[in-house]
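>>> quick one, structure for this:
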Amino acid sequence: MERKAGDLGLPPGPPERVVIVVPQLKRRSSATTGGRGIEARLEEAVGLAKAIDLEVASAGIVPVAVIRPATLLGKGKVEEIAGIARAEQAGLVFVDHALTPVQQRNLEKAWNCKVVDRTGLILEIFGARARTREGTLQVELAHLNYQKSRLVRSWTHLERQRGGFGFLGGPGETQIEADRRMIADRIRRIEQELEGVKRTRDLHRKNRRRVPYPIVALVGYTNAGKSTLFNRLTSATVYAENLLFATLDPTLRAVDLPHGTRAIFSDTVGFISELPTLLIAAFRATLEEVTEADVIVHVRDVAHEDAEAQAQDVNEILRSLGVDPDDAGKIVEVWNKIDLLDPEARERLENIAARREAERRPILVSALTGEGTDALLAAIEDRVVAERPTLSLALDPTDGAGLGWLHRQTEVLSRELDERGRLAVTVRVDPSKVGEVRRRFPSAA
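This is a model prediction of the structure:
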C-alpha cells in the first residue's frame, strides 16, 4: 500500500524508511519514563511508525543524561544516528519526544533527512485516518497550530535579513510574516466551520434528549480493542485493525440492552500517552460525546505489558475533559483481550476483579470471541437505570394514544390487565420526565 503525502511534508510514493529514536531521560528513571516501561515505549513508537505505513529500518533507545537545547541529544549520539540513517538509507528519523523548532531544524541539518517528533507523527497519522469533513478540519486545525510555531524551520532559505538600522524588514522576515497571516486566516476559517459543526452536533444531542436514549461512550488507549468491542455490541462494521489509531471519527449506533432499554453507543478516538494538547483542543467537539455520556466504558487491553500505565494515561485525559475516572456510577471498566491470556494469568485477573467492590468490579471480556459481553451489557444497563425512578399507573385499555406516548417517552417494563379491567403499566422514567408523566397520568405513583 502506498502512503499518500501528509501535511507534514512526508514524501509520496512507496513506504519511507525510518530510523526510530526513543530518548530515555536519566532524570526520570533508569527503567521507566513517566511510569511506562522503556521497552514498551519503544514498541509503541514502532507501532506509531507502522500506523502511517513507514518501513522501520532501525529502532533504538538513546540514554539522555542532559537535555541539549540545540539538539536534545548529545553530540556523540547525534553523529552515531547520522551514520545509522546514512547506512540504512533512511529518509526520515522519528524522535519519540517533543522537539523544539530549533532542535528539529538542527537535527535535520545534522542527519540530512526529514525529522519528525512525537506530536508531528501523531498529527500525520490523524491526517491519514480522518474520513469525515469534521475530522479533516480538526486535524488541519491542530496541524496549523503546530506549524505556526515552526515557521523558522519552514523558511530556512529565507532567514537572511538585510543590514541597516532594523526598521526595514528583510525579504525573509516579510515572507514569514506573510505566511503567519495566511495560517492565521486559515485557522479562523476552520474554527468558524467547526463552530457550525459543533452547533449541528449540539442540535443532534438535543434531539436525542427528547427521547429517553442514554449515551454510552467507549473510551480507551489506542489499540485496546474499542472498535472491535463496539462492532460486537452493536453489530456494526466499524473499521477495526491491529493498528494504533485504526479509527478516528466517532460512530454512533443504537443498542437494545438486556431488559429492553435502548441506548446510543459511541465509539471515540483512542487515547495515547502524551497525547498532544493541540489534538485534545482540536478534537474537543468530538470528545464532548464523552463528557455528555451517561455511561463511559473504559476498555483496557489487559494482555498488554503496560496495561496499568495505559489506564493511567486514559484517566488523566478523562480528568482533563472534566470527567472523574473514579465515578463508579458512571464508569464501567472493561478488561479486554482475555482470550490472549494463559490460564494462570486469567485466573489471577479474575481473582483481582472478584476482590473489588461490586460497583467497581471490572468486566472481563473478549471482544474477539464475544465472551463476557452479556455481563458487560447488563452492567451498563444497571448504571443507566440506577437513577431512573419506576412508576406504576392504570390506563383505559382503549387508550392507545396514551400507551403509545408511554412507549415513546419512557421505558415500558410491563403491562397487564388488573382485576378491574384496567391496564396496569409499569414504566421506568428519565428523572427530567417524571413531572410530565405525572401531569399526563395523574394515577402515576
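>>> for residue 254, give me phi and psi.
phi -90, psi 140 (degrees, to the nearest 10).
>>> just checking, it touches residue 261?
No. With contact defined as Cβ atoms under 8 Å, residue 254 does not reach residue 261; the gap is 11.1 Å. Backbone N, C-alpha and C define where each C-beta goes, glycine included.
>>> residues of stretch 64-81 that come out buried?
64, 71-74, 77-78, 81 (16 or more other Cβ atoms under 10 Å).
>>> quick one on the thing from earlier: residue 254 and residue 261: which is more packed in?
The residue with more neighbours, out of residue 254 and residue 261, is residue 261; 20 against 10, by other Cβ atoms under 10 Å.
>>> next, that one: phi, psi?
phi -70, psi 130.
>>> just residue 426 next, same as before
Dihedral angles for residue 426 - degrees, to the nearest 10 - are phi -110, psi 130.
>>> repeat that for residue 369.
According to degrees, to the nearest 10, residue 369 has phi -100, psi -20.
>>> for burial, what's the neighbour tally of it?
Neighbour number of residue 369 under other Cβ under 10 Å is 11.
>>> pretty sure it contacts residue 337?
No. Counting by Cβ under 8 Å, residue 337 is not a contact partner of residue 369; they are 10.1 Å apart.
>>> coming back round to it: which one among the buried residues of stretch 64-81 gets closest to residue 436?
residue 72 (61.3 Å; Cβ to Cβ).
>>> how much space between the closest one and residue 59?
For residue 72, the distance to residue 59 equals 17 Å [Cβ to Cβ, to the nearest Å].
>>> for residue 392, see how far away residue 416 is.
11 Å.
>>> same check on residue 57?
Taken as Cβ to Cβ, the span from residue 57 to residue 392 is 70 Å.
>>> for these two, indicate the residue with more neighbours.
Comparing residue 57 with residue 392 by other Cβ under 10 Å, the one with more neighbours is residue 57, at 20 against 13.
>>> the stretch 51-200 of the chain: helices as residue ranges?
75-87, 101-111, 118-129, 133-148, 151-154, 171-209 (DSSP state H, counting those that start in this stretch).
>>> pull the helix or strand with minimum mean pLDDT from this structure.
One helix or strand of the chain scores below all others by mean pLDDT, DSSP states H and E: strand 32-33, with a mean of 44.
>>> mind giving me the domain split of the chain?
17-128, 130-197, 212-385, 390-440 (automatic domain parsing).
>>> generate a markdown table for those domains, with distance to residue 203 as supplementary columns.
Converted to a markdown table, the domains of the chain look like this (distance: least, Cβ to Cβ, whole Å):
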| stretch | distance to residue 203 |
| --- | --- |
| domain 17-128 | 26 |
| domain 130-197 | 11 |
| domain 212-385 | 13 |
| domain 390-440 | 18 |
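>>> lowest-confidence stretch among those?
Within the domains of the chain, confidence is poorest for domain 130-197, with a mean of 68 (mean pLDDT).
>>> can you give me the end-to-end span of it?
One end of domain 130-197 to the other measures 15 Å (Cα to Cα, to the nearest Å).
>>> distance check, the closest residue to residue 413 other than its chain neighbours against residue 394.
Distances taken as Cβ to Cβ, 6 or more residues apart in numbering put residue 426 closest to residue 413, at 4.6 Å, once the chain neighbours are dropped. Separation of residue 426 from residue 394 (Cβ to Cβ): 11 Å.
>>> ok, now residue 37?
For residue 37, the distance to residue 394 - Cβ to Cβ - is 63 Å.
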